[in-house]
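# Structural data only, the sequence is not supplied:
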């Protein structure tokens, strides 16, 4: 199916990430499209909304025809993001600036196969410097996550093809080495809205197997936040999700897996944080959030 683009005019600016085009809500990534102001003529990608794609079914601004043409690339950038795709653009990558550690030196890395695990994992690590590393498997723009913007993170790095954050890296290895110079622990996760086909390995969670293997190879400690559900209607996700088992099946070294039994105190620690998993809150999915918090607790105990 080709792109579904619609021409429209910005009728309202909501905030730095959201506007309305002809009265319809639209997400804006100004670091890609350039700034947007009320009255601008724009192109909007409307396909996801037309298809009714759940949490991701919203319009996204594709190009600003008024003030987004002939924009200059980022100074010093020559490596392309989304290379050879219609929307490619040049981005400076952290590898180019020589700011990477030589190894992880025992850095604990909490691996989150769904984005809803990030907040409870961070709650157990909040007294430490925590870096957030986003890998492909869900949303690519780091800035889409309300959770990431809410948490007190020491650093945020996106791994291609993800983009945004304080830095962008070509590989998860580089991203973790970049994080190791700035944090006591790391949380590595896919973005919101996991990709899934209902098959053994056809889902975004498998990206965390690569992250686990890289963590081990570089001398870090991989900690897998087990995806557990008390309320999911799908049998493959009830109890320990098949996503969790898929990651473990692809890991080449030892990986610590969390259990909700080790998540005592998660409710108090997570008070005030955005907690939602597949539209269900902490009262519906206590084991899910407890297991993610338990992964953070284990990592906190191993932090340098």
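That came through fine. Keep in mind that this is a model prediction, so the values were computed, not measured.

# Can you tell me how far residue 144 is from residue 196?
18 Å (Cβ to Cβ, to the nearest Å). All C-beta spots, glycine's among them, are computed from the backbone N, C-alpha and C.

# same deal with residue 303?
From residue 303 to residue 196 the distance is 32 Å (Cβ to Cβ).

# again, but for residue 111
17 Å.

# Tell me which of those two has more neighbours.
residue 111 (33 against 16; other Cβ atoms under 10 Å).

# Show me what that one is bridged to.
residue 188, residue 224 (DSSP bridges).

# cool, and residue 196?
residue 203.

# ok, it touching residue 202?
Yes: if you go by Cβ atoms under 8 Å, residue 196 and residue 202 touch, sitting 7.2 Å apart.

# pLDDT weak spots in the protein?
Within the chain, the stretches with pLDDT under 70 are 1, 231-233, 235, 237-240.

# can you give me the helices in it?
Assigned by DSSP state H, the helices in the chain fall at 30-33, 47-51, 118-125, 146-150, 172-180, 207-217, 242-250, 266-269, 286-302.

# Output the contacting helices and strands for the third one.
Identification of packing neighbours for helix 118-125 by 3 or more Cβ pairs under 8 Å, 6 or more residues apart in numbering; DSSP states H and E yields strand 108-112, helix 146-150, strand 185-190, helix 266-269, helix 286-302.

# quick one: which of the ones you listed is nearest residue 40?
helix 146-150 (24.2 Å; Cβ to Cβ).

# buried ones in that closest one?
147, 148 (16 or more other Cβ atoms under 10 Å).

# helices or strands up against that helix?
helix 118-125.

# Any idea how far the helix it packs on is from the middle of the chain?
14 Å (Cα atoms, centre = their mean, to the nearest Å).

# could the helices of the chain go into TSV alongside distance to residue 224?
Formatted as TSV, the helices of the chain follow (distance: least, Cβ to Cβ, whole Å):
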stretch	distance to residue 224
helix 30-33	32
helix 47-51	30
helix 118-125	11
helix 146-150	19
helix 172-180	15
helix 207-217	7
helix 242-250	6
helix 266-269	17
helix 286-302	7
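
# out of the helices and strands packed on helix 118-125, which comes closest to residue 225?
The closest of the helices and strands packed on helix 118-125 to residue 225 is helix 286-302. By Cβ to Cβ, the value is 3.8 Å.

# Return the set of buried residues in that closest one.
Neighbour-count burial for helix 286-302 [16+ other Cβ under 10 Å]: 286-300.

# out of the helices of the chain, which comes closest to residue 24?
helix 47-51 (7.9 Å).

# Now do the buried residues in the closest one.
For helix 47-51, by 16+ other Cβ under 10 Å, it's 47, 48, 49.

# JSON lines please, covering those and showing distance to residue 7.
Shown next, in JSON lines, are the buried residues of helix 47-51 (distance: Cβ to Cβ, whole Å):
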{"residue": "47", "distance to residue 7": "15"}
{"residue": "48", "distance to residue 7": "18"}
{"residue": "49", "distance to residue 7": "16"}
